[in-house]
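**Student:** no sequence on this one, just coordinates:
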């Protein structure tokens, strides 16, 4: 494939890209009074979100809203902008808003704000709506579906419509999914007049957390941080083989900190990175595919990870910091592998790096890699351990000590940045003959890292909520947007401070508007996804899905995971990642946990939610839809389907990760016993992913034979899941009769866990048998410890019968009910560490490396 690949994009592809970009930024470029309204309303929305996130309402005791009221107002803004900013038909009325759209916008805003306007009245008649309530609720549902169609396209609207039909037509459904059905009144009340449907958890997360992070990203982008991250990546990596492609991977990861959207990453970084990749020798299809793969992975990158990460906080019931901890290792190894894939592609194409003004030493190259790959991790640790001690020293006064210190550091870094020329936007048409020096490029924008420091400080040290953490980081970003230009002018002793200050305020206003416009799609998506959640709670389809999936998979957990992955990919072709995550996790996460427990595998809930999240993101580059692939193909001039297929081949490494961390939760940093365990886990996971990349690319030191690729896949599996082979020789556990439970509890340390197999009657009236993990508190005797866990047992006819389960106890939380029997106790066996399987795997890897090194060509040997 040559570098002069023909432009295969068609008019239809361009139309598709236009639709994608409209989804990201809003569909109209109105003029006149409409433009003023479409500027003022988003501005008011951003100011409202900043107000409710700040501590001011509670300090001043004015403008305090409860969660239901804020969700109502949030959706009112989103619905109004969905009708006024997006035309009814693509390509029509793009420069003005017809009168009927104003009417629909006001009607949708009224229906959405109904909970706020009539909050007092509705609270006096729960479950007994009047005719007015029902008219507004039904009208609101219809308008919400139309707003979703406009802002996001038909797929999500169709999915929500199908669930509404299912809720109404339950008795007429096939027996396996039938239910008694809901009346129109019940449906309207459940979906619109309470917090079980549209105004549920998903919209609450959009209101509380997501808006501020999107606004934070808009401010960073407007301030120039996006261009800064891209330039730094190119300065550090451009001299390597395939340097621009490696820089695209890194800059997209950094952009993920800003946007949390794969399509937005393609649109912003791709306009710069794709032409550069083509200029240094990448074919158009592969250039677009690299950007697509990098951008989809950008949404996996902590600390933001898009809206779905905040939903996990609510659905899984853990802190945001815990979500970041579990997500960090898969994200890191996935990015390392993509950089390596790009390197292998560059080697296969015989590419060279771009010449740098001052070629770095080997030590400097190694330092660059450390900064690139571990930058955010190092920054987080530096904040936590470097200045976290001040919290213990100063207590609550630490904020008042560190606040002025951060301000002084910001001023100093801005002054330091003025010693170097400001970064310019790259011209994609210019030649790429040399790269700038790394040092001056990095130093021009070091102060952009300070808001991230503030965000990490608030999350990890102060332990603020994500909402309050994002508020303080955003306010600091507001300060930077306003002051960076005047400060630079002062340090450079330039005249015209007032115009620069005015420009700063102008940038701030446009950032507030951009952030709100970018939230329209997310706002209506989370509201519409609430219809799916509401249908699950209204009809009880969750229990039905368990039986349905168990029937299809035959109780096989692997088949069930594949089934779930396919559902996520198919729905994700038309649904935004957030909506896709809500739909699939609501339906499938409890099913996987339940059926896994019945088959002896206790899967942590966070692992299942991350599984769904990963495959929802991968849908952005899955043909034939692949919205990110269409956006990249428009820039590269390649065929979007081929771009999507190539991008998905790069993303196969990301697709295997969820299956691996379901069966080996150490990849999510769960169950580690110490630092040595952590180091071994990171080493084995990174090595496994690099080996897998070489296997799927058919190239390592030289072109691989097919049998070598097969062996590399075997090595990958062994490094990811050493226990699979080790369990065949040394079983990890054995089951002993339930009658020895007290004997086993006596050996369990205080606050340890036991795993038991229990059976009995479920709430649905079915006999179930499942494995459960039960925490065991400290106590003087085994029976007292079991009682402290909420469990009283008695032996009858050789069985341990549950006589009593304490209300709200660990036993009840685990799922044990009165009358159940404890059939078996799972006891861990003494055995050598499973990591010994790494030795033969690495030895085999060494033999393959030796064989490839012997037959590689001189050109391949010159690769650095």
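**Tutor:** Nice, thanks for sending it over. Model, not experiment: these values are computed from the prediction.

**Student:** tell me where the stretch 551-700 of the chain has helices.
**Tutor:** 557-572, 577-598, 605-618, 627-636, 640-650, 652-663, 675-697 (DSSP state H, counting those that start in this stretch).

**Student:** please identify the most buried of those.
**Tutor:** helix 627-636 (a mean of 30; mean count of other Cβ atoms under 10 Å). C-betas here are computed from N, CA, C, even on glycine.

**Student:** what's in contact with the host helix or strand of residue 213?
**Tutor:** Take DSSP states H and E as the rule and residue 213 turns out to sit in helix 211-223. With Cβ atoms under 8 Å, 6 or more residues apart in numbering as the test, helix 211-223 has contacts from 46, 49-50, 53, 74, 226, 257-260, 268, 304, 310, 448, 451, 455, 466-467, 470-471, 473-474, 477-478, 480-481, 484, 507-508, 510-512, 514-516, 518-519, 522-523.

**Student:** so how far is stretch 753-770 off the chain centroid?
**Tutor:** 33 Å (Cα atoms, centre = their mean, to the nearest Å).

**Student:** what comes into contact with that stretch?
**Tutor:** Against stretch 753-770 from outside (Cβ under 8 Å, 6+ apart): 543, 594, 597-598, 602, 733, 735, 738, 741, 744-745, 748, 771-776, 802, 815-817, 819-826.

**Student:** looking at these, which are in helices?
**Tutor:** 543, 594, 597, 598, 741, 744, 745 (DSSP state H).

**Student:** quick check, nearest of these to residue 716?
**Tutor:** residue 597 (27.9 Å; Cβ to Cβ).

**Student:** burial check on the residue nearest to that closest one when sequence neighbours are not counted, number of neighbours?
**Tutor:** Once flanking residues are discounted, residue 597 sits nearest to residue 770: 4.6 Å by Cβ to Cβ, 6 or more residues apart in numbering. By other Cβ atoms under 10 Å, 22 other residues sit near residue 770.

**Student:** equivalent analysis for residue 497, please.
**Tutor:** 13.

**Student:** residues near the nearest residue to it once chain neighbours are set aside, how many?
**Tutor:** Residue nearest to residue 497 in three dimensions, not counting chain neighbours: residue 486, with 5.2 Å by Cβ to Cβ, 6+ apart. Counted by other Cβ under 10 Å, the residues lying close to residue 486 total 20.

**Student:** next, give phi and psi for residue 761.
**Tutor:** phi -90, psi 130 (degrees, to the nearest 10).

**Student:** how near is it to residue 316?
**Tutor:** Going from residue 761 to residue 316 by Cβ to Cβ, to the nearest Å gives 28 Å.

**Student:** who has more neighbours out of those two?
**Tutor:** Using other Cβ under 10 Å, the more surrounded residue of residue 761 and residue 316 is residue 316, with 20 against 13.

**Student:** what average pLDDT does stretch 548-555 get?
**Tutor:** For stretch 548-555, mean pLDDT is 72.

**Student:** what are the buried residues along it?
**Tutor:** Buried positions in stretch 548-555, judged by neighbour count with 16 or more other Cβ atoms under 10 Å: 548, 549, 550, 553.

**Student:** now which of the contacts of stretch 753-770 would you call buried?
**Tutor:** Using 16+ other Cβ under 10 Å, the buried ones in the contacts of stretch 753-770 are 543, 594, 597-598, 738, 741, 744-745, 771-772, 774-776, 802, 815-816, 820-826.

**Student:** can you tell me the SS state at residue 792?
**Tutor:** strand (DSSP: H, G, I helix; E, B strand; the rest coil).

**Student:** give the closest residue to it in space, chain neighbours not counted.
**Tutor:** Nearest residue to residue 792, sequence neighbours excluded (Cβ to Cβ, 6+ apart): residue 804, at 4.0 Å.

**Student:** quick check, the one you found in contact with residue 820.
**Tutor:** No - counting by Cβ atoms under 8 Å, residue 804 does not reach residue 820; the two are 11.3 Å apart.

**Student:** mean pLDDT per helix and strand in the protein: which one sits at the bottom?
**Tutor:** Lowest by mean pLDDT, DSSP states H and E among the helices and strands of the chain is helix 362-381, with a mean of 45.

**Student:** so, low pLDDT: which residues of the stretch 501-650 of the chain?
**Tutor:** 542-543, 545-547, 555, 572-577, 620-627, 630-631, 634 (pLDDT under 70).

**Student:** hmm, 90 instead?
**Tutor:** By pLDDT under 90, the weakly predicted segments of the stretch 501-650 of the chain are 501, 504, 514-515, 517-650.

**Student:** quick check: pLDDT value at the residue nearest to residue 597.
**Tutor:** 86.

**Student:** in the sheet, who's paired with it?
**Tutor:** residue 758 (DSSP bridges).

**Student:** how far away is it from residue 593?
**Tutor:** From residue 770 to residue 593 the distance is 10 Å (Cβ to Cβ).

**Student:** for residue 111, same thing?
**Tutor:** Taking Cβ to Cβ, one finds residue 111 at 36 Å from residue 593.

**Student:** and residue 71, which of the three is it?
**Tutor:** Here residue 71 takes the helix state, with states given by three-state DSSP.

**Student:** if I pick it, what's in contact with it?
**Tutor:** 115, 195, 199, 203, 204, 207.

**Student:** the inter-axis angle of the longest helix belonging to the chain versus helix 577-598?
**Tutor:** Longest helix in the chain by number of residues (criterion: DSSP H): helix 497-539. Going by axes from the mean of the first three to the mean of the last three Cα atoms, to 10 degrees, helix 497-539 is angled at 40 degrees with respect to helix 577-598.

**Student:** the residue nearest to residue 497 against residue 504, yeah?
**Tutor:** Yes - with contacts counted by Cβ under 8 Å, residue 486 reaches residue 504, the gap being 6.7 Å.

**Student:** burial measure for residue 185, as a count.
**Tutor:** Other residues close to residue 185 by other Cβ under 10 Å number 15.

**Student:** ok, it to residue 140 distance?
**Tutor:** 14 Å.

**Student:** pLDDT score assigned to residue 198?
**Tutor:** In this prediction, residue 198 has a pLDDT value of 91.

**Student:** excluding chain neighbours, what is closest to it?
**Tutor:** Nearest one to residue 198, counting by Cβ to Cβ, 6+ apart, is residue 530 at 4.4 Å.

**Student:** wait, the one you found touches residue 206, no?
**Tutor:** No - using Cβ under 8 Å, residue 530 is not in contact with residue 206, being 9.8 Å away.

**Student:** before we move on, back to that, JSON lines for the buried residues of stretch 548-555, including secondary structure?
**Tutor:** Shown next, in JSON lines, are the buried residues of stretch 548-555 (three-state DSSP):
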{"residue": "548", "secondary structure": "helix"}
{"residue": "549", "secondary structure": "helix"}
{"residue": "550", "secondary structure": "helix"}
{"residue": "553", "secondary structure": "helix"}
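
**Student:** domain parsing for the chain?
**Tutor:** What automatic domain parsing lists as the domains of the chain is 11-203, 733-828.

**Student:** from residue 755, how far off is residue 193?
**Tutor:** Here the criterion is Cβ to Cβ. By it, residue 193 lies 43 Å from residue 755.

**Student:** thanks again, I'm all set now.
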